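In: 3D, please:
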Amino acid sequence: MVPLIQSFRISLLWSFKKYFLLIFLLPTFFILHGFQQHFSYIPVIDAIKLLGEYLVYEISFAGFFFLFFRDIKKSLFASFITLFLFLFFGAVEDFFKLVFVNTLFARYRFLFPLFAVVWYFSMRLLKKKVISERLILFLNFTASILIFIDIGIVFYKSISSKPYEAVINYCENCPKPDVYLIILDDYAGNIELKSTFNYDNSYFLNQISDRQFYVMDSSRSNYDKTPFSITSLLNMKYLSLRDYEYSDKNLNYCYKAISGSTVLRIFQKEGYLFFNNSIFDFPSHPSLINKTFLVSGIDLLKSQTLWGRFKKEILNNLLMEYFTGTEAYKNFIFSDLKNNQLVFQKTIEAVDEESKKPKFCYTHLMMPHFPYYYDSTGEMNDLKKLAPANLMNEQLYLSYLKYANTRVLFLVDYILQKSSRQPIILLLSDHGFRYNLSKEQEQMKYFNLAAIYLPDQKYYGYYPTITNVNQMRLLLNKLFKYNFPLLKDDVVK
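Out: I've put the predicted structure just below:
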């Protein structure tokens with residue numbers, strides 16, 4: 001054992017200079033390339049920590065492989081190959097999906113065995129062959145060039161990045177009420193509920209009206225997916241995208257636009273304290289929840305690795321299919337419930353917090369969004385009803401919506417009764433129910449919940465068919481004497 005350790009040390013010292021770049025440049029390129037792709041919303045310190053983590057992995061792999069190769073050069077190169085396949089699995093998968101659309105070659109049943117075969121034969125070949133000095137030089141040179149290109153892109157983005165355009169003035173004499181923006185994710189408007197569910201939500205809407213809210217009963221969202229809908233709402237504009245799929249490019253656009261949103265900058269300019277009780281990150285105000293369906297921050301990089309894709313696409317499905325009785329499954333399926341409880345509690349705390357400054361509180365509740373945790377009486381549904389197979393179950397959705405109504409009324413009453421200033425409350429949903437709709441019902445998913453409470457109950461300017469893109473335009477015009485023109489109310493498919 002002692003000669004083995006001494007051999008490892010001598011070989012390590014001899015090869016360190018030659019192979020240092022090979023070890024260091026691979027994770028550096030991966031992280032830097034992802035950093036420039038997702039520029040401005042991956043914290044630098046988190047990227048550095050992840051780089052250190054991957055370097056530890058690579059060195060640990062090298063130590064493990066030395067037990068088999070008895071050669072530090074081959075051990076380092078084996079570690080390089082292993083980490084390369086681990087880090088760039090997502091990139092390869094995305095490429096295969098683009099080239100081999102809806103074929104076996106774009107599926108995990110092909111890709112996982114392919115990567116295993118490539119790794120196995122790479123190790124076999126490495127055992128027999130001598131590593132070429134030219135190959136090492138080529139890899140080091142190529143990685144260095146790519147890293148310098150990414151550094152240039154990061155530098156360019158840092159000096160050319162501009163916030164979304166908006167003229168922000170300060171209104172010195174304007175009253176500054178607390179403002180609560182409450183988003184209920186996936187909450188269908190009454191028009192869709194009547195059409196698709198044969199349910200009239202008038203009882204709840206009348207309860208809101210009795211509290212002096214103005215209910216916009218024919219309102220619509222402009223988009224049928226959360227990131228696009230919230231981006232449009234918080235920037236008061238339609239989005240300049242070619243498509244509206246959950247691609248990295250589109251999500252990057254949304255995260256950046258939400259982070260630097262016009263609405264938030266206006267409230268901060270007006271001296272408001274910001275309370276972020278949402279699923280999105282803002283500068284100096286990261287989301288407090290455990291994100292379950294929209295990753296952000298450093299998870300944008302981790303999700304591209306082999307483990308990230310396996311966890312998202314395979315492990316979670318295995319949990320939901322075969323291990324429904326385990327603690328891991330329960331932790332996964334109840335994540336949004338815990339998030340909702342945290343967001344609810346943090347909103348209560350924001351109301352209770354004493355402050356000389358006015359408050360702008362953005363609360364985003366994943367309800368009545370799936371999983372449908374409660375029935376209309378407030379009883380917890382059993383685990384079988386929370387399973388993904390019930391995503392399109394209209395009765396479970398409707399029952400959870402009725403439960404959500406009770407929680408919303410409690411929250412509204414608490415804000416109205418406990419606020420130290422007369423509050424403004426804007427209740428919105430990002431879109432309606434989107435599943436299992438016929439072609440005739442497809443337009444229904446845009447009808448959403450929209451209601452606003454103004455302390456003076458002067459609702460001139462508001463109208464029943466308003467869309468989300470105009471909600472903050474109207475509110476900011478009233479609050480701070482802006483002159484934002486209203487945009488055409490439309491939906492984007």
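
In: I'd guessed Ala91 sits against Gln304; true?
Out: Yes. Between Ala91 and Gln304 a contact is recorded at 6.6 Å, counting by CB atoms under 8 Å. All C-beta atoms are positioned from the backbone trio N, CA, C, and that covers glycine.

In: who has more neighbours, those two?
Out: Neighbours per residue, other CB atoms under 10 Å: of Ala91 and Gln304, the larger number sits with Gln304, 21 against 14.

In: dihedrals phi and psi, Asp456?
Out: phi -90, psi 0 (degrees, to the nearest 10).

In: do you know how far it is from Phe88?
Out: Distance, Asp456 to Phe88, using CB to CB, to the nearest Å: 58 Å.

In: kindly report the same for Arg109.
Out: 20 Å.

In: ok, Phe29 next?
Out: Distance of Phe29 to Phe88, computed by CB to CB: 10 Å.

In: just Phe141 next, same as before
Out: Taking CB to CB, one finds Phe141 at 19 Å from Phe88.

In: so which of the two has more stuff around it?
Out: Counted by other CB under 10 Å, Phe141 and Phe88 do not tie: Phe88 has more neighbours, with 18 against 12.

In: list the contacts of the more buried one.
Out: Contacts of Phe88 were listed using CB atoms under 8 Å, 6 or more residues apart in numbering, and they are 30, 304.

In: phi and psi next, for it.
Out: phi -110, psi 20.

In: show me how this protein divides into domains.
Out: 2-87+131-160, 179-480 (automatic domain parsing).

In: of all those, which one comes closest to Val101?
Out: Proximity to Val101, assessed across the domains of the chain by CB to CB, is greatest for domain 179-480 (13.3 Å).

In: measure the closest residue to Tyr403 other than its chain neighbours to Asp71 for me?
Out: The spatial neighbour of Tyr403 that comes closest, neighbours along the chain excluded (CB to CB, 6 or more residues apart in numbering), is Tyr374 at 4.2 Å. Here the criterion is CB to CB. By it, Tyr374 lies 61 Å from Asp71.

In: repeat that for Glu349.
Out: Distance from Glu349 to Asp71, by CB to CB: 59 Å.

In: comparing the two, which residue is more hemmed in?
Out: Asp71 (19 against 12).

In: would you map the strands across the protein?
Out: 179-184, 214-215, 273-277, 359-365, 424-428, 450-453 (DSSP state E).

In: save the ones you listed as TSV, and put in distance to Ser240 and mean pLDDT too.
Out: Converted to TSV, these look like this (distance: least, CB to CB, whole Å; pLDDT from 0 to 100):
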stretch	distance to Ser240	mean pLDDT
strand 179-184	23	98
strand 214-215	31	98
strand 273-277	25	96
strand 359-365	23	98
strand 424-428	22	98
strand 450-453	24	98
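
In: redo those as JSON lines? Include distance to Leu264 and mean neighbour count.
Out: Formatted as JSON lines, the strands of the chain follow (distance: least, CB to CB, whole Å; neighbours: other CB atoms under 10 Å):
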{"stretch": "strand 179-184", "distance to Leu264": "10", "mean neighbour count": "24"}
{"stretch": "strand 214-215", "distance to Leu264": "24", "mean neighbour count": "19"}
{"stretch": "strand 273-277", "distance to Leu264": "6", "mean neighbour count": "20"}
{"stretch": "strand 359-365", "distance to Leu264": "7", "mean neighbour count": "24"}
{"stretch": "strand 424-428", "distance to Leu264": "14", "mean neighbour count": "22"}
{"stretch": "strand 450-453", "distance to Leu264": "18", "mean neighbour count": "23"}
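
In: out of the ones you listed, nearest to Arg434?
Out: Short answer: strand 179-184, nearest of these by CB to CB, at 14.4 Å.

In: just want the angle from that closest one to strand 424-428.
Out: 20 degrees (axes from the mean of the first three to the mean of the last three CA atoms, to 10 degrees).

In: starting at the chain centroid, how far to strand 179-184?
Out: On the basis of CA atoms, centre = their mean, to the nearest Å, strand 179-184 sits 18 Å off its chain's mean C-alpha point.

In: could you export it as PDB, CA atoms only?
Out: The C-alpha trace of strand 179-184 is given here as PDB (Å, rounded to 0.1, in the frame of the first residue of the first chain):
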ATOM      1  CA  VAL A 179     -49.700  47.600  -2.500                       C
ATOM      2  CA  TYR A 180     -50.300  43.900  -2.500                       C
ATOM      3  CA  LEU A 181     -50.100  42.000  -5.800                       C
ATOM      4  CA  ILE A 182     -51.500  38.500  -5.300                       C
ATOM      5  CA  ILE A 183     -51.100  36.000  -8.100                       C
ATOM      6  CA  LEU A 184     -53.100  32.800  -8.000                       C
END
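
In: and that strand, what does it pack onto?
Out: With contacts defined as 3 or more CB pairs under 8 Å, 6 or more residues apart in numbering; DSSP states H and E, strand 179-184 has these neighbours: strand 359-365, helix 394-418, strand 424-428.

In: for the second one, list every residue counted as buried.
Out: What that stands for is helix 394-418. For helix 394-418, burial by neighbour count (16 or more other CB atoms under 10 Å) applies to 396-405, 407-408, 411-412, 415-416.

In: which among these gets closest to Ser438?
Out: Among those, Tyr397 lies closest to Ser438 (CB to CB), at 16.5 Å.

In: my read: the closest one touches Tyr373, true?
Out: No. Tyr397 lies out of contact with Tyr373 (CB under 8 Å); the separation is 11.4 Å.

In: quick one, helices of the stretch 51-200 of the chain?
Out: Taking DSSP state H, counting those that start in this stretch, the helices of the stretch 51-200 of the chain run over residues 72-87, 89-99, 108-128, 133-160, 190-197.

In: can you give me how far the fourth one is from the chain middle?
Out: What that stands for is helix 133-160. The offset between the C-alpha centroid of helix 133-160 and the centroid of the whole chain comes to 29 Å, using CA atoms, centre = their mean.

In: now stretch 61-73
Out: Centroid separation between stretch 61-73 and its chain, computed with CA atoms, centre = their mean, is 39 Å.

In: what mean pLDDT does it have?
Out: The pLDDT scores in stretch 61-73 average 88.

In: identify each buried residue in that stretch, please.
Out: 61-62, 65-66, 69, 71-73.

In: TSV for the residues you listed, including distance to Leu428?
Out: Formatted as TSV, these follow (distance: CB to CB, whole Å):
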residue	distance to Leu428
Phe61	49
Ala62	53
Phe65	55
Phe66	59
Phe69	60
Asp71	63
Ile72	60
Lys73	61
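
In: show me which of those is closest to Leu98.
Out: Phe61 (29.9 Å).

In: check contacts around that closest one.
Out: 78-79, 82-83.

In: likewise Leu427?
Out: Per CB under 8 Å, 6+ apart, neighbours of Leu427: 182, 184, 208, 213, 408, 412, 449-452.

In: repeat for Ile230
Out: Ile230 touches 183, 254, 258, 280, 364, 430, counting by CB under 8 Å, 6+ apart.

In: at 7 Å what do you get?
Out: 258, 280, 430 (CB atoms under 7 Å, 6 or more residues apart in numbering).

In: and those residues as JSON lines, adding neighbour count?
Out: Listed next are the contacts of Ile230 as JSON lines, based on neighbours: other CB atoms under 10 Å:
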{"residue": "Ile258", "neighbour count": "23"}
{"residue": "Phe280", "neighbour count": "25"}
{"residue": "Asp430", "neighbour count": "26"}
